[in-house]
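Enquirer: Mind looking at a prediction? Sequence and model below.
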2 protein chains.
Amino acid sequence: MGNLSHHHHHPVDHEQFQAELKDKLNSLGYRYTPQRQQIVGLFLADEGHLTPKEVTERMESQSAAIDQATIYRSLEFFHKIGVLSCSQIGGQTVYEIAHSVPHHHLVCTNCDAVMPLDDHHFDELVEHLWQDHQFKASLTHLTISGLCGHCAN
Amino acid sequence: MGNLSHHHHHPVDHEQFQAELKDKLNSLGYRYTPQRQQIVGLFLADEGHLTPKEVTERMESQSAAIDQATIYRSLEFFHKIGVLSCSQIGGQTVYEIAHSVPHHHLVCTNCDAVMPLDDHHFDELVEHLWQDHQFKASLTHLTISGLCGHCAN
DNA sequence: CTCCTTATTGCAAAAATTTGCAATAATATA
DNA sequence: TATATTATTGCAAATTTTTGCAATAAGGAG
């Protein structure tokens, strides 16, 4: 895919994002259905993490009811192709747009605060895993548990 | 807790492990019930990852039926206090004994192969997160996705 | 524009996981 | 050792997530 990056509060970019996404899916033999469009639209409009349940609720409030099974399958589908990232935070499965600039999450196990962590911190590690362990790490979205500054006291 | 480390194929060590675990729980105000003993026993005897379902099955085959809810709650409990580690592998939630010597997992997204990765690789990162991000990372069991040597070709 | 292929959906049922609560039983204490 | 406290269990119901399958509809081809 070319450049699927997006920016906040810019509907125009959202349209472009969706158009490029459609092309990407089609070129892979997938289809860009209204349901998938709506789900992606939700993540574009509503930055941040969403649980499957939250996705369902917001769909209903848009009177665009989509079957639960479809929602679960779509989230998993978008995750598989790299459009959404998936992580476990506070015991919940949450999805979010996978930015073109990868980043990771520091999650406080005490207060569930989530802090972003830039990708470059792992450059060395990835290189090492490849050179010495023959493992091609794909660090698109790592979650690191611990205690934030507040809770560490 | 003192030293809860254990070694493979040494029932004596297992007994000691369990004894120390009982002391630890009691000192924390928890109770070491037969159900919890059996579940921990399973992980001690049967090295490796186990899903909640597998735990249930092995319990049944030992004619020591424990209610599903108790199994889920116990796994979560042991995870919370650091006796078991928990991770998502191949879309499944799996638990295993949290060794006193921490290690991590390289998981191949293609063939689900799991390779251990020593903890020391993260020493620098942990130090950096603490110094520059005021985040006290607890890297007891990290899962890194990617492709193993085989599948990378 | 119409037809074909088949990816995807909705539905309903199954399976997995969580939760509330009364009964039970593991500890600490006397 | 007997008793009191309350953490933990089992059960049943609720909730969440997955799965099979027939019907639908997206996208490519003519």
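Expert: Received it, and whenever you're ready, just let me know what you need. Just so you know, these numbers come straight off a predicted model, no measurement behind them.
Enquirer: List the contacts of residue A:151.
Expert: Each residue near residue A:151 by Cβ atoms under 8 Å, 6 or more residues apart in numbering or on different chains is listed here: A:108, A:110-111, A:113. Using the backbone N, CA and C atoms, a C-beta is placed for each residue, glycine as well.
Enquirer: Okay, strands next: where are they in chain A?
Expert: A:84-89, A:92-97, A:103-108, A:114-118, A:136-137, A:143-147 (DSSP state E).
Enquirer: Nearest spatial neighbour of residue A:98, chain-adjacent residues omitted?
Expert: residue A:85 (4.2 Å; Cβ to Cβ, 6 or more residues apart in numbering or on different chains).
Enquirer: swap in residue A:119?
Expert: residue A:102 (4.2 Å).
Enquirer: Correct me if wrong: that neighbour contacts residue A:139.
Expert: Yes: using Cβ atoms under 8 Å, residue A:102 makes contact with residue A:139 at a distance of 6.8 Å.
Enquirer: So the closest residue to residue A:147 other than its chain neighbours versus residue B:89, what's the distance?
Expert: Residue nearest to residue A:147 in three dimensions, not counting chain neighbours: residue B:136, with 4.4 Å by Cβ to Cβ, 6+ apart. According to Cβ to Cβ, to the nearest Å, residue B:136 and residue B:89 sit 26 Å apart.
Enquirer: related to what we said a few turns ago, tell me which two of the contacts of residue A:151 sit farthest apart.
Expert: A:110 and A:113 (8.4 Å; Cβ to Cβ).
Enquirer: The lengthiest helix in chain A vs strand A:92-97, what angle?
Expert: Of all the segments of type helix in chain A, defined by DSSP state H, the longest one is helix A:11-27. Interaxial angle of helix A:11-27 relative to strand A:92-97 (axes from the mean of the first three to the mean of the last three Cα atoms, to 10 degrees): 100 degrees.
Enquirer: Would you mark the buried spots in helix A:11-27?
Expert: For helix A:11-27, burial by neighbour count (16 or more other Cβ atoms under 10 Å in any protein chain shown) applies to A:14, A:17-18, A:20-22, A:24-25.
Enquirer: Over to stretch A:60-80?
Expert: Buried, per 16+ other Cβ under 10 Å, within stretch A:60-80: A:66, A:70-71, A:74-75, A:77-79.
Enquirer: Columns mean neighbour count and mean pLDDT on top of the strands of chain A, output as CSV?
Expert: Shown next, in CSV, are the strands of chain A (neighbours: other Cβ atoms under 10 Å in any protein chain shown; pLDDT from 0 to 100):
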stretch, mean neighbour count, mean pLDDT
strand A:84-89, 19, 90
strand A:92-97, 18, 94
strand A:103-108, 20, 86
strand A:114-118, 15, 88
strand A:136-137, 20, 92
strand A:143-147, 20, 87
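Enquirer: list the buried ones in stretch A:29-47?
Expert: Applying a neighbour-count criterion of 16+ other Cβ under 10 Å, one finds A:32, A:35-36, A:38-44 buried in stretch A:29-47.
Enquirer: sorry, back to before: closest one to residue B:145 out of the buried residues of helix A:11-27, please.
Expert: Proximity of the buried residues of helix A:11-27 to residue B:145, judged by Cβ to Cβ, is greatest for residue A:24, which lies at 21.0 Å.
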